[in-house]
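Engineer: Show me how the following folds:
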Amino acid sequence: MTRAVPEPSFRRFTAGIGSLTLRPFDLRTDVPTLHAWVTQPYARYWGLLGASVDDVRAEYLRIERSGHHRAFLGEHDGRPAFLTERYAPEHDPVGQVYAPSPGDVGMHVLVAPADRRIPGFTGAVFETILDFLFSDPLVDRVVVEPDVRNTKIHALNERMGFRKHSIVDLPDKQAWLSFCTRDQYADAVRMGEAG
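Structural biologist: Here you go, the predicted structure:
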């Protein structure tokens, strides 16, 4: 008997893009898809270029069992298109380089390689993820720590309302610690910076 994947836990429609949904990452069905993404050169900052399928499964099993870190698969019109992770900074190495506040939540994002270019797609993915995170009334601020060399993500983070705080040394990279409050994100959307 085939096991159905989890139902979407968040859905957002964007004109010109379509339906973007988030659902819990499923170890039984999603690992091969994610492995195909993280082993491509564009995903080098994800740190899994040389990973096997079993390595990816082990990493996401660790995340699933952690109790403070969750992965979600994002779909575009029902097809896998991105991954996001939500984590508690106080249980992550980033929590050793700043003092996490109540209401902080960490975020990682990986967009799948595109079959075809859709203008505004990555921005719509980010808005979907941030809308999802801020739909939790306990979340006041989103924390990110992208590699300092990842200039594309820095520009996108800034468009979404993130403000750079400091360069920090983490176990696997030198990163730009950046924050986005609920108000900063709302201002970015209102000003049209996020679209």
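Engineer: buried residues in the helix or strand containing Ser166?
Structural biologist: Using DSSP states H and E, Ser166 sits within strand 163-170. Buried residues in strand 163-170, defined by neighbour count with 16 or more other C-beta atoms under 10 Å: Val168. The C-beta positions use only the backbone N, C-alpha and C, and glycine is treated the same way.
Engineer: ok, it: who's next to it in the sheet?
Structural biologist: Applying DSSP bridges, strand 163-170 is found paired with strand 173-181 (antiparallel).
Engineer: Tell me the helices and strands packed up against the following helix or strand past the partner strand.
Structural biologist: Helices and strands here follow DSSP H and E; after strand 173-181, the next one along the chain is helix 182-190. In terms of contacts (3 or more C-beta pairs under 8 Å, 6 or more residues apart in numbering; DSSP states H and E), helix 182-190 is packed against helix 121-134.
Engineer: Check what contacts the helix it packs on and list those residues.
Structural biologist: Identification of contacts with helix 121-134 by C-beta atoms under 8 Å, 6 or more residues apart in numbering yields 9-10, 12, 14, 17, 20, 22, 72, 74, 76, 81-82, 84, 86, 105, 107, 109, 111, 114, 139, 142, 156, 159-160, 180, 182, 185, 189, 194-195.
Engineer: Can you check what angle separates it from helix 182-190?
Structural biologist: Helix 121-134 runs at 150 degrees relative to helix 182-190, counting by axes from the mean of the first three to the mean of the last three C-alpha atoms, to 10 degrees.
Engineer: Beyond helix 121-134, next helix or strand please.
Structural biologist: Taking DSSP H and E, what comes next after helix 121-134 is strand 141-144.
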